[in-house]
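S.K.: can you look at this prediction? I've put the sequence above it.
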Amino acid sequence: MRKTILLTVILFLGKLIIAQSPCKEIVGYYPNWQWYDRSHLVNPQSIDYSKYTIINYCFMRPETDGTISLTDSWADENLLLGEHDWSQGNDTYYPNTSLIDIAHNNDVLVLPSIGGWTLSSNFPAIAADATKRATFAQACVNLINQYNFDGIDIDWEYPGYEEHGGSSADKDNFNLFLQEIRTAIDNYGDSIGKTMYLTAAVSADPAKMEDVDWPVVSQYLDIINLMTYDFYGAFDSQTNHNAPLYKPDQDFGHPGFNLDSAVTKLTNFYNVNPNKITAGVAFYGRSAKTSGTPDLFVASTGQGDTQTFADDDGTPLYYNVLENMSLFDEHWDDIAKVPYLTGKDDLLTFVSYDDVQSISLKAQYIVDNNLRGAIIWEITGDYIETSPGSGVIESTVLVDAINDVFCGNTNITEEKKDIEISCYPNPTNEKVFINFNEIQDKIDVEITNILGETVSVFEFNNTDIVDFNINNKNGLYIIKVKTNKGLTYSFKIIKR
């Protein structure tokens, strides 16, 4: 039986403020091939940009000589340049119809993501050669200039990974590679008066983390997108979770294969600033055929279920998991804090995936550990139709869950809290009060801005009401309150 996670809605005294944009960083990957899916359901016009801060458009190919090429001429043209105005000729497009234009109109940044799992083999040779590094950096500038991107996302999977041409030399070469890109795009940004972002997707595998010079890499990157998914799948001999929050009861010799361990390794061992880290959340699942009765930690045949999930080649996006729920029994792993499915009747299939409850818990973990935010692979997974094939988007429940937690609209708990708490006034000119229905031995209060940066910290003892001032500039702030009993509450406050 799955354990129900209670989502306790926090009500403020006074007006409840609804967020118009994310309260922490939410980086959503949008693959160009998904533009075709479900009759172009998720397209530049239908994306709800209010749910994200950055969209990473993927993928682009690094060529052997250091240049960069597109991967789908038709999709890339329509998405990056906009809808054709055929009445004006082949190279004319309607204004404000491209992904980038519409995103910018909604104050969302767009970065091209270069590389990916299948396109990373050329990175080692480019990074090792000064001429190719310079060529690549200039190609990045050309991309930004041509399409009005806001920076560059590097998805090299992975430095030092031999199967993709990597070697131990990649560790130093990755530093030089990022330095070249950073210098080139910053110089271009200065010339046009615009700040440029440089981000990178990195492995959550502790062995692959050793192939990165974190103190150097961190100084070049604005955001480190930690890919805390794909830990286990049909490629393993036994079933396990795709993206566990915490270490599963059985880890098959990989104790670091979970979000908590990966974040802890980066922050505590490599001393990476948590405010640069966005933790990965999966809007998809992984299936595995089993040789016997399907379950967690049982033998797998090494194959995904490409029949039940034919549209996704055995790796179903979240909406596809929902559409096939009737074929499975649902379970909750209260150790790893993620759900899983087992096939009914004669369906020998195990499915690991994430749902609203597990995504909410991961979002709360991001808040509690002061990370910059989340990355989503990938955003089309939770665009759910009113009915399959209707072409009408009903909801985006997973990204909504992230935003609710990030903005303090929802508090995630494992059991019901008896303590009542209120935070007021909202909006405030400066002073804020927090009132409990009973005296607390200790109360810790942390105030962060919308970037996740801590602006004030307070401690109070033996009281049921506290007050403090927000002395910073006007804007949106998140107030996190923690009691000596370990209970945590989050509030969103507007200072005017």
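M.R.: Structure received. Numbering: from 1, shown residues only.
S.K.: mind listing what the closest residue to Y93 other than its chain neighbours touches?
M.R.: Spatially, and ignoring its direct neighbours in sequence, Y93 is nearest to G82 (3.9 Å; C-beta to C-beta, 6 or more residues apart in numbering). Using the backbone N, CA and C atoms, a C-beta is placed for each residue, glycine as well. G82 sits next to 44, 93-98, 101 when contact means C-beta atoms under 8 Å, 6 or more residues apart in numbering.
S.K.: buried members of those residues into ChimeraX, please.
M.R.: Restricted to buried positions by 16 or more other C-beta atoms under 10 Å, the ChimeraX selection for those reads:
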select :44,93,97,98,101
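S.K.: please enumerate the strands of the stretch 251-400 of the chain.
M.R.: Remark: strands assigned in the stretch 251-400 of the chain by DSSP state E, counting those that start in this stretch are 277-282, 286-289, 328-333, 338-343, 349-352, 373-377, 384-385, 393-395.
S.K.: the stretch 101-250 of the chain now?
M.R.: Under DSSP E, counting those that start in this stretch, the stretch 101-250 of the chain gives strands at 109-115, 151-155, 197-203, 223-227.
S.K.: JSON lines for these, including mean pLDDT?
M.R.: JSON lines is the format used below for the strands of the stretch 101-250 of the chain (pLDDT from 0 to 100):
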{"stretch": "strand 109-115", "mean pLDDT": "98"}
{"stretch": "strand 151-155", "mean pLDDT": "98"}
{"stretch": "strand 197-203", "mean pLDDT": "98"}
{"stretch": "strand 223-227", "mean pLDDT": "98"}
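S.K.: mind putting those strands into JSON lines with distance to Q303 and mean neighbour count?
M.R.: Shown next, in JSON lines, are the strands of the stretch 101-250 of the chain (distance: least, C-beta to C-beta, whole Å; neighbours: other C-beta atoms under 10 Å):
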{"stretch": "strand 109-115", "distance to Q303": "27", "mean neighbour count": "24"}
{"stretch": "strand 151-155", "distance to Q303": "27", "mean neighbour count": "26"}
{"stretch": "strand 197-203", "distance to Q303": "24", "mean neighbour count": "23"}
{"stretch": "strand 223-227", "distance to Q303": "23", "mean neighbour count": "25"}
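S.K.: can I get the ones you listed in TSV including distance to T278?
M.R.: Putting those into TSV (distance: least, C-beta to C-beta, whole Å) gives the following:
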stretch	distance to T278
strand 109-115	13
strand 151-155	11
strand 197-203	8
strand 223-227	5
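S.K.: first-to-last residue distance for stretch 318-334?
M.R.: 20 Å (C-alpha to C-alpha, to the nearest Å).
S.K.: using CSV, list the CA coordinates for the lengthiest helix in the chain.
M.R.: Assignment by DSSP state H gives helix 170-192 as the longest helix of the chain. Only the C-alpha atoms of helix 170-192 are listed here, as CSV (Å, rounded to 0.1, in the frame of the first residue of the first chain):
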residue,chain,number,x,y,z
ASP,A,170,39.0,15.6,-19.9
LYS,A,171,39.2,16.8,-16.3
ASP,A,172,41.6,19.6,-17.1
ASN,A,173,40.3,20.1,-20.6
PHE,A,174,36.8,20.7,-19.3
ASN,A,175,38.1,23.7,-17.4
LEU,A,176,39.7,25.2,-20.5
PHE,A,177,36.6,24.4,-22.5
LEU,A,178,34.3,26.3,-20.1
GLN,A,179,36.7,29.1,-19.7
GLU,A,180,36.8,29.7,-23.4
ILE,A,181,33.0,29.7,-23.7
ARG,A,182,32.6,31.9,-20.6
THR,A,183,35.0,34.5,-22.0
ALA,A,184,33.4,34.5,-25.5
ILE,A,185,29.8,34.8,-24.5
ASP,A,186,30.5,37.4,-21.7
ASN,A,187,32.4,39.6,-24.2
TYR,A,188,29.5,39.3,-26.6
GLY,A,189,27.0,40.1,-23.9
ASP,A,190,29.0,43.1,-22.8
SER,A,191,28.9,44.4,-26.4
ILE,A,192,25.1,44.3,-26.5
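S.K.: next, the angle from it to strand 197-203.
M.R.: 160 degrees (axes from the mean of the first three to the mean of the last three C-alpha atoms, to 10 degrees).
S.K.: let's have the chain start at 7 instead
M.R.: With 7 as the first residue, the last one maps to helix 176-198.
S.K.: report the mean per-residue pLDDT for helix 176-198.
M.R.: What helix 176-198 shows for mean pLDDT is 98.
S.K.: measure how that helix sits relative to strand 115-121, angle-wise.
M.R.: 150 degrees.
S.K.: buried residues of helix 176-198, list them for me.
M.R.: Buried, per 16+ other C-beta under 10 Å, within helix 176-198: 176-177, 179-181, 183-188, 190-191, 194-195.
S.K.: quick one: which of those residues is nearest V304?
M.R.: The shortest approach to V304 among the buried residues of helix 176-198 belongs to D176, at 36.9 Å (C-beta to C-beta).
S.K.: how about residues contacting the longest helix of the chain?
M.R.: With C-beta under 8 Å, 6+ apart as the criterion, helix 176-198 contacts 129-130, 132-134, 136, 139-140, 142-144, 146-147, 150-151, 157-158, 160, 162, 165-166, 201-202, 204, 206, 217-219, 222-223, 226-227.
S.K.: can you flag the buried ones in these?
M.R.: Buried, going by 16+ other C-beta under 10 Å: 129-130, 132-134, 139, 142-144, 146-147, 150, 157-158, 160, 162, 165-166, 202, 204, 206, 217-218, 223, 226-227, out of those.
S.K.: coming back round to it: closest to V403 out of the strands of the stretch 107-256 of the chain?
M.R.: With C-beta to C-beta as the yardstick, what comes closest out of the strands of the stretch 107-256 of the chain is strand 229-233 (22.3 Å).
S.K.: OK, contacts around the one residue sitting closest to the centre of the chain?
M.R.: In the chain, the residue lying closest to the centroid (C-alpha atoms, centre = their mean) is I381, at 1.3 Å. By C-beta under 8 Å, 6+ apart, I381 lies in contact with 33-35, 62, 207, 231-233, 284-287.
S.K.: and the pLDDT for it?
M.R.: So I381 comes in at 98 (pLDDT).
S.K.: can you tell which of the strands of the stretch 257-406 of the chain is closest to S119?
M.R.: Going by C-beta to C-beta, the one of the strands of the stretch 257-406 of the chain nearest S119 is strand 379-383, 10.5 Å.
S.K.: which residues of this structure score low on pLDDT?
M.R.: Residue ranges of the chain with pLDDT under 70: 7-26, 416-425, 456-458, 481, 491-494, 498, 502.
S.K.: and it, split by domain according to the record?
M.R.: Residue ranges for the domains of the chain, per automatic domain parsing: 12-17+24-416, 426-501.
S.K.: deepest in the core, which of the ones you listed is it.
M.R.: domain 12-17+24-416 (a mean of 19; mean count of other C-beta atoms under 10 Å).
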